[in-house]
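J.: any chance you can model this:
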Amino acid sequence: MQFSNKSTAWLNCQIGYRIDTTNDSQILRLDQQVEGDDEKIWLKVHTTLQTVAQRVASQFTPSESVEKFPEFEEKIRSGVLHEHELMTEGIDIVSFTCGGLPR
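T.: Numbering: from 1, shown residues only. Have a look, this model is predicted:
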């Protein structure tokens with residue numbers, strides 16, 4: 001992530017997602033899009049997480065991200081959980097936690 005002062009850091013986090021199995025046509029489209037490769041689904045989830053984390057980090061300095069870590073983490077969480085674009089593809093991010101402060 002790059003903060004508002006242009007310095008960078010890594011954020012160790014865990015994310016959980018599931019495939020919505022209630023819509024057969026949606027599952028078929030997703031499977032065709034990723035060609036049956038689960039790694040491509042993970043890359044979609046990872047890219048979404050990176051985008052949201054970068055958007056949030058750009059609103060903080062490194063010091064602020066530490067001082068206001070609960071707020072920082074919550075902004076990322078609320079941006080990725082049940083993210084609309086992924087949900088339209090049948091992918092639902094259902095959990096997000098940080099394993100510590102940005103480093």
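J.: ok, the nearest residue to residue 2 once chain neighbours are set aside to residue 89 distance?
T.: Leaving aside its sequence neighbours, residue 2 sits nearest to residue 8 (CB to CB, 6 or more residues apart in numbering; 5.1 Å). In short, each C-beta sits where N, CA and C put it, glycine included. In this view, residue 8 and residue 89 are 29 Å apart by CB to CB, to the nearest Å.
J.: so where's the chain shaky on pLDDT?
T.: For the chain, applying pLDDT under 70 flags no range at all.
J.: sorry, back to before: looking at residue 8 and residue 89, which one has more neighbours?
T.: residue 89 (17 against 10; other CB atoms under 10 Å).
J.: in this protein, which helix has the most residues?
T.: As assigned by DSSP state H, the longest helix anywhere in the chain is helix 38-57.
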